[in-house]
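Q: One predicted model, sequence on top.
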Amino acid sequence: MRINLLFIVLSIFFVAQSTNLHASASPTLTATPSPTTTPMSTPTETPSHTSTLTATSSPTATPTATSTSTQTLAISAYYVDCANGADNHSGASPEHAWRTLPRANNAALVAGDRLYFKRGCAWNGTLRAKWHGTLAQPILISAYGSGNLPMIQNGAPDGVSITGTHQIIESLHVRADAPSTDPHCQNQPVGWRAGFTFQNGAAYNTVRASQASEMTTGVLLARDAHHNRVLNNQLTNNRVMSVNTNNGGADDSGAWGILVHGSDNEIAHNYFSGNTAWCSYDFGIEGASVEMFEGRRNTIHHNVSVNDTTFTELGSSSALQAADNTYAYNLYHNTQHAKSEFLTLRGAGDSFGPTWRTRVFNNTVYLTGDESKGVSCFGGCSAQILELRNNILWVNNSAAFADAPFKESHNIFWKTGGNPFVDFRGFEMHAASMKANPLFVKPRRLDFHLTASSPARNAGHKASVRAGFTTDLDGVSVPQGKGVEIGGYEIR
């Protein structure tokens, strides 16, 4: 998979239009594996319309640190019911719910207010999350009742367009019909549809416990979207390509779980699978769990990705260079495709480089394809491009490649049958790294916990803990023993 300039231009264009502005499943794959972490559920009882919130704040008029003032603030809740609601209702209770997305979009929500969509319902169009909460009183957009998650579908170009601040958006399912299909390429869906779009200026928002499927990208974080969180979601079967041209070039792109242009965002505890286009003229198959272009200071941690063709590819433009992104405690495995890759980075000599100071800690990677790749760093890799520590890379083709020295230590490299291929040009693998069987519990059954005799035990570097990562993929405290384990799981 390659980053191409055309898809970047298109994604920025679509973001611009929607704000008054952007490996892999086979064509026959229909099953979506269950996530290892179930997204949080919301209560099935009906929330009350009005409640009170007591907020305390330190006064600015006096210097006394122990003095506080108390303010009681009313919180209103509104309901949307696709079957039994009516837009001339007050919306103030389930019995008097609104009916349509346009009415919900026109709600005059203030800090602390709540907007609930009825489970089992579906709406066509775009939900516009344009409100402004506060840190203490975020706007909550959620679900009520019982049944399937409320569905927002066929919004063009976005299912949920997020332009406000301090909003929590949870328990929604966003999908879309394919804008078009290419009959000359196995009916590959083509066009632009984004599930949850954090538009330029969106800040301090959270999307959690939700689903996005059948899109070009499940989540889009625009260039000027910052300090947002994407947590505990299922991002699956996003298979639409933004570009798929039979022109002999290399401009095909699309099919991502998350596309990141923004900065200072957190992407954690999500489940990815099937985010792959099955017919690309240029690449055969195309897609990624997390596509990073121009993003800065983003943290991608504790995610699980199953059979996506790529976990992450990073790239920069001439206008803005990707920098200071961190990947920690992610599990990525692909046993389905010949081609797969965990992480691609670039130096200044590549047309989409440099991607500065990427840190990669305690990830577990298991790729069995004959053309699989673990970590690839080219175009002038260096210590200013990549820091790679405490990772297990079981990759049957190329576990790691770098065309120049970078920060590397305390990694385990392996392949089925032994003798992993590690190609470090101009330098040797660090003495604390090893080519060794990590001794997973049952890798063929996709259990990547470590046995008690694993060489990963207590063999890691403290860099990950110093960076603030103190739990493993199971939520177990790190370290459990004398030292940090290599890989995503501690031995208990």
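A: That came through fine.
Q: Which parts of this protein are helices?
A: Ranges of helices in the chain, per DSSP state H, are 5-18, 101-105, 463-466.
Q: Where among those helices is average confidence lowest?
A: Here the lowest mean pLDDT among the helices of the chain goes to helix 5-18, at a mean of 46.
Q: All the strands of the stretch 51-200 of the chain, residue numbers only.
A: Taking DSSP state E, counting those that start in this stretch as the criterion, the stretch 51-200 of the chain carries its strands at 69-80, 114-118, 122-124, 127-129, 139-144, 151-153, 158-162, 167-170, 173-175, 180-182, 188-190, 194-198.
Q: May I see these arranged in JSON lines, with mean neighbour count and distance to residue 440 as well?
A: In this view, the C-beta of every residue, glycine as well, is placed from N, C-alpha and C. As requested, these are exported to JSON lines (neighbours: other Cβ atoms under 10 Å; distance: least, Cβ to Cβ, whole Å):
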{"stretch": "strand 69-80", "mean neighbour count": "16", "distance to residue 440": "47"}
{"stretch": "strand 114-118", "mean neighbour count": "24", "distance to residue 440": "42"}
{"stretch": "strand 122-124", "mean neighbour count": "17", "distance to residue 440": "42"}
{"stretch": "strand 127-129", "mean neighbour count": "23", "distance to residue 440": "41"}
{"stretch": "strand 139-144", "mean neighbour count": "24", "distance to residue 440": "38"}
{"stretch": "strand 151-153", "mean neighbour count": "21", "distance to residue 440": "38"}
{"stretch": "strand 158-162", "mean neighbour count": "27", "distance to residue 440": "38"}
{"stretch": "strand 167-170", "mean neighbour count": "22", "distance to residue 440": "34"}
{"stretch": "strand 173-175", "mean neighbour count": "24", "distance to residue 440": "33"}
{"stretch": "strand 180-182", "mean neighbour count": "14", "distance to residue 440": "40"}
{"stretch": "strand 188-190", "mean neighbour count": "24", "distance to residue 440": "35"}
{"stretch": "strand 194-198", "mean neighbour count": "31", "distance to residue 440": "33"}
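Q: Out of these, flag the one nearest residue 341.
A: Taking Cβ to Cβ, strand 188-190 is the member of the strands of the stretch 51-200 of the chain nearest to residue 341, at 20.8 Å.
Q: quick one: the residue lying closest to residue 124 once chain neighbours are set aside and residue 177, what's the gap?
A: Leaving aside its sequence neighbours, residue 124 sits nearest to residue 154 (Cβ to Cβ, 6 or more residues apart in numbering; 4.9 Å). Using Cβ to Cβ, to the nearest Å, residue 154 is found at 6 Å from residue 177.
Q: neighbour-wise, which of these two wins?
A: Using other Cβ atoms under 10 Å as the criterion, residue 154 and residue 177 rank with residue 154 on top: 18 against 12.
Q: okay but the more buried one is in contact with residue 176, surely?
A: Yes. Assessed by Cβ atoms under 8 Å, residue 154 is found in contact with residue 176 at 5.1 Å.
Q: ok, the residue nearest to residue 124 - contacts?
A: Residues counted as contacts of residue 154 (Cβ atoms under 8 Å, 6 or more residues apart in numbering) are 124-125, 175-177.
Q: so who does the closest residue to residue 455 other than its chain neighbours touch?
A: Using Cβ to Cβ, 6+ apart and skipping the chain neighbours, the partner closest in space to residue 455 is residue 436 (4.8 Å). Applying Cβ under 8 Å, 6+ apart, one finds that residue 436 lies in contact with 412-414, 455.
Q: cutoff 7 Å now
A: Residue 436 makes contact with 412, 414, 455, according to Cβ atoms under 7 Å, 6 or more residues apart in numbering.
Q: Which pLDDT does the model give it?
A: Looking at residue 436, its pLDDT reads 98.
Q: Ok, residue 29 next?
A: For residue 29, pLDDT reads 25.
Q: Same check on residue 70?
A: 42.
Q: cool, residue 55 as well?
A: Residue 55 is assigned 33 on the pLDDT scale.
Q: ok, and the most crowded of the contacts of residue 436?
A: For the contacts of residue 436, the largest number of neighbours (other Cβ under 10 Å) sits with residue 412, at 26 neighbours.
Q: what about that one, distance to residue 237?
A: 32 Å.
Q: same thing with residue 470?
A: To residue 237, residue 470 is 33 Å away according to Cβ to Cβ.
Q: out of these two, which sits in the more crowded spot?
A: Shown here are residue 470 and residue 237; by other Cβ under 10 Å, residue 237 has more neighbours (23 against 12).
Q: okay, now the residue nearest to that one when sequence neighbours are not counted: neighbour count?
A: Once flanking residues are discounted, residue 237 sits nearest to residue 274: 4.0 Å by Cβ to Cβ, 6+ apart. Neighbour count of residue 274, defined by other Cβ under 10 Å: 26.
Q: How about the one 3 residues further on?
A: Residue crowding around residue 277 was assessed by other Cβ under 10 Å; the count is 32.
Q: For it, which residues are in contact?
A: Applying Cβ under 7 Å, 6+ apart, we find residue 277 in contact with 188, 239, 241, 254-255, 285-287.
Q: Surely residue 107 is in contact with residue 78?
A: Yes. Under the criterion of Cβ atoms under 7 Å, residue 107 makes contact with residue 78 at 5.7 Å.
Q: tell me, what's touching the two both at once?
A: Listed as contacting both residue 107 and residue 78 by Cβ under 7 Å, 6+ apart are residue 115.
Q: want to throw the contacts of residue 154 into a markdown table with pLDDT and distance to residue 97?
A: Compiled in a markdown table, the contacts of residue 154 are given as follows (pLDDT from 0 to 100; distance: Cβ to Cβ, whole Å):
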| residue | pLDDT | distance to residue 97 |
| --- | --- | --- |
| 124 | 98 | 18 |
| 125 | 98 | 17 |
| 175 | 97 | 23 |
| 176 | 95 | 25 |
| 177 | 92 | 26 |
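Q: on that earlier part again, what's the closest of the contacts of residue 277 to residue 294?
A: When the contacts of residue 277 are ranked by distance to residue 294 (Cβ to Cβ), residue 254 comes first, at 17.3 Å.
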